[in-house]
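[1] Fold the following.
(one chain, ligands or ions: 1)
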Amino acid sequence: MNYKNILFEIKNNTGIITINRPDKLNALNGQTIDELEDVINSIKDNNDVFVVVITGSGEKAFVAGADISELNKLDVISAKEFSEKGNRVFRAIETLDKPVIAAVNGFALGGGCELALASHIRFASEKAKFGQPEVNLGIIPGYGGTQRLARIVNSARSLEMILTGDMLSAEDALKIGLVNKVYPSSDLLPETLKLAEKISSKGQQAIRFALKAVKATDNMSLSEGLSYEASLFALVCGTDDFKEGTSAFLEKRKPNFKHR
Ligand code: COA
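    Coordinates of the predicted model:
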């Protein structure tokens with residue numbers, strides 16, 4: 001697929017997706033959502049991509065939400081399809097077996113905040129602003145915000161954001177655990193890529209098993225999760241990377257992972 005509204009490049013095993021509609025503050029219209037789905041599906045099968053970074057084009061916005069000019073035309077049936085499609089794409093991001101890091105470089109509102117929530121790790125620039133302003137438009141979040149925000153922060157904080165529509169500064173987002181780290185704008189992408197490269201330097205079998213195990217906490221009780229962890233632990237001990245990592249430690253050398 002030739003993309004109109006996103007850019008995609010691979011640098012040192014990091015797939016960088018840039019939402020690219022800066023004149024509309026990178027608002028997610030239908031075509032952008034389709035393109036995002038396509039690129040995520042292609043990344044699944046791309047062995048050169050170990051880690052994914054999602055960011056926004058321009059100085060101002062990560063993503064300022066779903067495209068309101070399209071929202072305005074929805075009726076009951078098309079609204080259900082709209083929400084289900086967004087949820088399918090964001091779920092594909094959340095369940096990708098490669099770590100996804102959101103580099104939030106400006107406004108992350110509505111669907112933009114939800115895109116960051118579906119990512120596994122969130123870094124933000126000092127200029128970033130987070131919000132679920134849907135109530136100002138007479139709607140509710142429809143790309144997972146009512147579900148993921150409460151799981152990532154807590155129910156009361158999530159309700160405060162969703163019921164007021166107020167924006168949160170990056171500093172406040174850090175305080176409530178909505179983002180992992182905040183950087184000056186010029187450092188955001190370099191620091192995000194540094195994190196991606198650190199993750200890429202590990203054995204990727206272990207990275208994938210670890211991601212799977214931690215993400216399972218979304219759906220499993222502690223006893224189910226512990227049993228799942230034991231199964232994944234057993235499987236990862238069948239990889240070449242396990243032999244290499246443990247042998248390298250004992251031989252006092254750096255591991256040379258082959259990612260199998
Ligand atoms: N959907 C469609 N277009 C959007 C948009 C969105 N979610 N957010 C911004 N834009 C467009 C504006 O309409 C404007 O387009 P125009 O130049 O053709 O008129 C352009 O992006 C720049 O936005 P503007 O509002 O002029 O910038 P600002 O700096 O004054 O305000 C925001 C920035 C983010 C506060 C403001 O754009 C805003 O409130 N956006 C909507 C946020 C929202 O409600 N998102 C949730 C949707 S569910």
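
[2] Identify the residue nearest Asn41 in space, chain neighbours excluded?
    Ala92 (7.1 Å; CB to CB, 6 or more residues apart in numbering). Glycine gets a C-beta too; all of them are placed from N, C-alpha and C.

[3] where are the low-confidence patches of the stretch 101-250 of the chain?
    Nowhere does the stretch 101-250 of the chain drop to pLDDT under 70.

[4] longest helix anywhere in this protein?
    Longest helix in the chain, counting residues (DSSP state H): helix 76-94.

[5] on contacts alone, who are the packing partners of the helix or strand that that one is followed by?
    In the C-terminal direction, the helix or strand that comes right after helix 76-94 (DSSP states H and E) is strand 100-104. Packed against strand 100-104 by the contact rule (3 or more CB pairs under 8 Å, 6 or more residues apart in numbering; DSSP states H and E) you find strand 51-56, strand 61-63, helix 111-118, strand 121-125, helix 185-200.

[6] what phi and what psi does the backbone show at Lys202?
    Reported as degrees, to the nearest 10, the phi and psi values for Lys202 are phi -90, psi 170.

[7] coming back round to it: next, the contact list for the residue nearest to Asn41, please.
    By CB atoms under 8 Å, 6 or more residues apart in numbering, the residues touching Ala92 are 37, 40-41.

[8] mind listing what's buried in stretch 236-248?
    Buried positions in stretch 236-248, judged by neighbour count with 16 or more other CB atoms under 10 Å: 236, 239, 241-242, 244-245.

[9] In helices, which of those appear?
    Those of the buried residues of stretch 236-248 lying in helices (DSSP H): 236, 241-242, 244-245.

[10] Would you format those as a markdown table with distance to Leu159 included?
    Listed next are these as a markdown table, based on distance: CB to CB, whole Å:
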| residue | distance to Leu159 |
| --- | --- |
| Val236 | 39 |
| Asp241 | 43 |
| Phe242 | 44 |
| Glu244 | 48 |
| Gly245 | 44 |
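
[11] Now, of the contacts of Ala92, which are buried?
    37, 40.

[12] Go through the contacts of Ala92 and name the one nearest the ligand.
    Glu37 (18.6 Å; CB to the nearest ligand atom).

[13] so what does the one helix or strand the closest one maps to touch, helix or strand wise?
    Taking DSSP H and E as the criterion, the element that holds Glu37 is helix 30-44. Here helix 30-44 touches strand 6-11, strand 14-19, helix 76-94, going by 3+ CB pairs under 8 Å, 6+ apart.

[14] residues in contact with the residue nearest to Met161 when sequence neighbours are not counted?
    Residue nearest to Met161 in three dimensions, not counting chain neighbours: Gln132, with 5.2 Å by CB to CB, 6+ apart. Counting by CB under 8 Å, 6+ apart, Gln132 makes contact with 109-110, 113-114, 141, 145, 149, 161-162, 165.

[15] Those residues, buried ones only, as a PyMOL selection?
    Buried subset of those, written as a PyMOL selection, criterion 16+ other CB under 10 Å:
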select buried, resi 109+110+113+114+141+145+149+161+162
